[in-house]
Each structure stands twice: as structure tokens, then as C-alpha cells.
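Peer 1: show me the folded form of this:
(chains A and B)
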Amino acid sequence: RKEVEQDPGPFNVPEGATVAFNCTYSNSASQSFFWYRQDCRKEPKLLMSVYSSGNEDGRFTAQLNRASQYISLLIRDSKLSDSATYLCAVFYGGSQGNLIFGKGTKLSVKP
Amino acid sequence: SQTIHQWPATLVQPVGSPLSLECTVEGTSNPNLYWYRQAAGRGLQLLFYSVGIGQISSEVPQNLSASRPQDRQFILSSKKLLLSDSGFYLCAWSASLDSVGYEQYFGPGTRLTVT
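Peer 2: Numbering: from 1, shown residues only, chains lettered A, B, ... in the order given. Alright, predicted model coming up:
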């Protein structure tokens, strides 16, 4: 049973486009949510944390919908440098702080 | 600021050989530490986590083991590598859970190829 699911993509968009990814999770008790960015053959890097209804950082907006159990990541005015794989992660609680990661959504921004 | 180191960056090992990957964290005390594996085209698989020195929890049965000999040092080992052990091994840390936030921060990873 998959606990965190993402559309694998790839999402191919032109520069300047707005693109949105969704991530669904199965455990309604989930407390915290994260988006990571992973470039090819590199480690994941934390992009945004989502603890309440949402978070915004420049061109990036993360939104949480607890009723439907999904989080979304919106990227406005896409840049070539936004091309990467975006991983969703969910914290389910417990003393060890484990995160459950989705498999990622690949984004390719074209000129 | 906190930094996390892993070495080696790349490793090619024959089947049946031993393995030792090291991870160290600087700039924080009593972190939670994690070992993940990411196989080609697949998601992150949590292998081990540790909430303190000598405390290791395993998430999946395998021929790998982990140790935490010091507060900020985490080691991944194997006595005999299998072909299926090939992958991208990532170490991560997070603050201990008496603080707010559960973000994990990853090291640069070790790319292991078992031949």
C-alpha cells in the first residue's frame, strides 16, 4: 500500500509557464509535509516546509488540503533552472522523525 | 551552520566484497541520523535510522548494517555485497524531536556500483 503518491511526469513546460504538482498521502494523522528538489545525480534539497494550510516563497507556493489529503506545489514563471525532480515527503509522527517520500515528479522547463 | 559529509562520493566494488560508507555531521548536537538508498528510477528507501549513539533501527531486512559510534558519525556496512546493493546511498540528519520541525537534510551521497 503506497503511503505517498506523486505523478511521475515528466512535466514538459515552456519558460514562463505556471506548473502545479500534487502529492497525495494516505494517513490522515500526518502532521508535517515537505517539498524537496533533486537534481540529476545529486542529493535532495529541502525546498519548502508546510505545517499549516500552506507556504509561499517567491515563485513557489505549497498548499495543504487536509480534507482531501494532498499537498500541492505551484511554480510560477518557470525558469530553465527549475528543471529537476520534485519529491514530496510526509512526517507521520513518532519519536524517530521518519519521513515517507514519494517517488518524485520530474519537471523539464524548455526555452 | 550545519553541514553533512559523506565519503566516498563514488565506489565500484565486486560482488562479495565488504563495504563501509561514512557520514559525519557538523554544527549540531544529538541529531537524528538516517541512511537511505535510491535505486535507479526508484524512490528513496529508508534503510536505518538512529536517535542516539549506539541506537540503530532497521527498516528493511537486508545484508547491510549500520553503526553510530559517535554522536555525529553514522556508518553503513556490509560484509558481502550483492549486485542488488548498487544504488545511490544518502545520509541525512534532522534535529532531535524536542525542537519544532522534522526537516531532514541530506549529504551529497555515495554512488555505489557492485560489479
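Peer 1: how confident was the prediction at the residue positioned nearest the centre of chain B?
Peer 2: Nearest to the mean C-alpha position of chain B, counting by Cα atoms, centre = their mean, stands B:W35 at 2.8 Å. pLDDT, B:W35: 95.
Peer 1: poorly predicted segments of the chain, please.
Peer 2: In the absence of a named chain, chain A is used. A:1-2, A:93-97 (pLDDT under 70).
Peer 1: nope, chain B please
Peer 2: Low-confidence segments of chain B, defined by pLDDT under 70: B:61, B:97-101.
Peer 1: what parts of it come near chain A?
Peer 2: For chain B, the residues in contact with chain A (Cβ under 8 Å from any Cβ of the partner chain) are B:32, B:34, B:42-44, B:46, B:49, B:51, B:57, B:88, B:90, B:94, B:97, B:101-109, B:111. From N, CA and C alone the C-beta is placed, and that goes for glycine too.
Peer 1: in helices only, show me those.
Peer 2: Assigned to helices by DSSP state H, none of these qualify.
Peer 1: assess the claim that the residue nearest to the centre of chain B and B:L47 are in contact.
Peer 2: Yes: with contact defined as Cβ atoms under 8 Å, B:W35 counts as touching B:L47 (4.5 Å).
Peer 1: shared neighbours of those two, anything?
Peer 2: B:66, B:76 (Cβ atoms under 8 Å, 6 or more residues apart in numbering or on different chains).
Peer 1: can you report how many residues lie near A:S68?
Peer 2: Counted by other Cβ atoms under 10 Å in any protein chain shown, the residues lying close to A:S68 total 9.
Peer 1: that one falls within a helix, correct?
Peer 2: No: using DSSP: H, G, I helix; E, B strand; the rest coil, the assignment for A:S68 is coil, not a helix.
Peer 1: who does the nearest residue to A:S81 once chain neighbours are set aside form a beta bridge with?
Peer 2: Spatially, and ignoring its direct neighbours in sequence, A:S81 is nearest to A:V109 (7.9 Å; Cβ to Cβ, 6 or more residues apart in numbering or on different chains). Counting by DSSP bridges, A:V109 forms beta bridges with A:V13.
Peer 1: quick one: A:R37 and chain B, what's the gap?
Peer 2: Distance, A:R37 to chain B, by Cβ to the nearest Cβ, to the nearest Å: 11 Å.
Peer 1: check A:K103 too.
Peer 2: 4 Å.
Peer 1: please name the bridge partners of the closest residue to A:Y25 other than its chain neighbours.
Peer 2: Nearest residue to A:Y25, sequence neighbours excluded (Cβ to Cβ, 6+ apart): A:V90, at 4.7 Å. Counting by DSSP bridges, A:V90 is bridged to A:F33, A:I100.
Peer 1: my read: A:V90 touches A:Q69, true?
Peer 2: No: checked against Cβ under 8 Å, the pair A:V90 and A:Q69 is beyond contact range at 9.7 Å.
Peer 1: what touches both of the two?
Peer 2: Joint contacts of A:V90 and A:Q69 (Cβ under 8 Å, 6+ apart) are A:25, A:30.
Peer 1: the two: which is more packed in?
Peer 2: A:V90 (25 against 15).
Peer 1: ok, now which ones touch the more buried one?
Peer 2: By Cβ under 8 Å, 6+ apart, the neighbours of A:V90 are A:3-4, A:23, A:25, A:27, A:30, A:32-34, A:99-100.
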